[in-house]
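Undergrad: make a model of this:
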Amino acid sequence: MSHMRRREFITLVGAAAVAWPLAARAQQSKTPVIGYLHSLGRSNPPEVVEAFLGGLQEAGFVDGHNVAIEYRFAEGRFERLPDMAADLVRRRVDVLATSGGSPSVLAAKAATTTIPIVFMTGDIDPVQAGIVASLSRPGGNITGVSLLGGFLGPKRLEILREIVPGSAVVAVLVNPSNHNAEPDVKEVEGAVRAAGLKLVVTRATANTEFEPVFATLVQQHVDALIVTADPIFTNRRADLTALTEAHRIPAIYQWPDFVKVGGLVSYGTTLTEASRQVGTYVGRVLKGARPADLPVTQPTKFHLVVNLKAAKALGLEIPPTLLARADEVIE
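TA: Presented below is the predicted three-dimensional model:
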């Protein structure tokens, strides 16, 4: 190698060292810090945080050993999220992980364009909501797991019709302030119309609005209900499932967590698998991967969970063919 070429080479190496992100260099000497931002509470549901820690461990990081985690839980008070996100950014965390649907990822996105963010959301389409440029190449500082809470509407309707074969009127419950409310309604509307049924659209944005919703359902002689994915609904799942039982309205949900607290049936992915993936992605980012290059992952397996006790309380017989397909049966 000539002197000239050698000098150029050394200059290039030097320039590369300067360009190497400061955060990555700092990690060699200090324990990296993860900011964990959750729209709901730690036990909502508890296995979500456990699965996240499991994913991190798979990537080689153990909380309190070679990584530190700053937790922020909004406990369903979404207005607190922007301040919590800003606080984590001020603390210069190395990566932000968000859970509990769109409120937390939108707060994180608004707080920083530089700190890597790994999200988990099942209530909005991240491309449509402008969170990422595309699923395969997210671009920017954000990637994560999209559970696509919608897009399963027709399948959920099909399951409900197996359980309540004589249904003529079907309702869908959405939170109008959710980005996915309109697409969710459109999707269910198409499936309901194709089946020759009547659709009733009900909306609730806050916890206090559940009672009037059920009064409307009774008034409209609704035979079955589809509850769309939304953090408010997840937060108050025990109240929602109790109301469906009290008013004898069979309902299907996105998450098994509703069925575990007395709901009739759920069809969708599990939050634990998705949360484990968030942990794995956070680990990869800590090792130097760029969110822009990590495709947004989507679930490939969907779980059908049935609660026989809830069926009995509603006076329903679950068809054996449906039970045979169930991934989990609660008795």
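
Undergrad: all strands of the chain, in order?
TA: Here the chain has its strands, by DSSP state E, at 33-38, 68-73, 95-99, 117-121, 142-146, 169-174, 198-203, 224-227, 251-253, 265-268, 303-307, 328-330.

Undergrad: contacts only, for the residue nearest the centre of the chain.
TA: By CA atoms, centre = their mean, the chain has its centre lying nearest to Thr121, at 2.9 Å. Contacts for Thr121 were tallied using CB atoms under 8 Å, 6 or more residues apart in numbering; they are Thr98, Gly101, Ser102, Val105, Gly144, Val145, Ser146, Leu147. Bear in mind the C-beta positions are built from the backbone N, C-alpha and C, glycine included.

Undergrad: so where's the stretch 151-300 of the chain uncertain?
TA: Flagging of the stretch 151-300 of the chain using pLDDT under 70 yields the residue ranges 151, 207.

Undergrad: ok, and what's touching stretch 301-311?
TA: Contacts of stretch 301-311 (CB under 8 Å, 6+ apart): 152, 155, 159, 163, 241, 245, 256, 259-260, 262-270, 273, 317-318, 322-323, 325-331.

Undergrad: rerun that using 6 Å as the cut-off
TA: Contacts to stretch 301-311, defined as CB atoms under 6 Å, 6 or more residues apart in numbering, come from residues 256, 259, 262, 264-270, 318, 325-331.

Undergrad: and stretch 265-284, by the same measure?
TA: Contacts for stretch 265-284 (CB under 6 Å, 6+ apart): 47-48, 51-52, 54-56, 58-59, 61, 95, 97, 118, 120, 145, 147, 156, 159, 252-256, 258-259, 294, 297, 299, 302-306.

Undergrad: again, but for stretch 231-246
TA: 39-40, 76, 100-101, 103, 175, 207, 210, 214, 227, 251, 258, 261-263, 313.

Undergrad: show me what counts as buried in stretch 185-205.
TA: Val185, Glu187, Val188, Ala191, Val192, Leu197, Leu199, Val200, Thr202, Arg203, Ala204 (16 or more other CB atoms under 10 Å).
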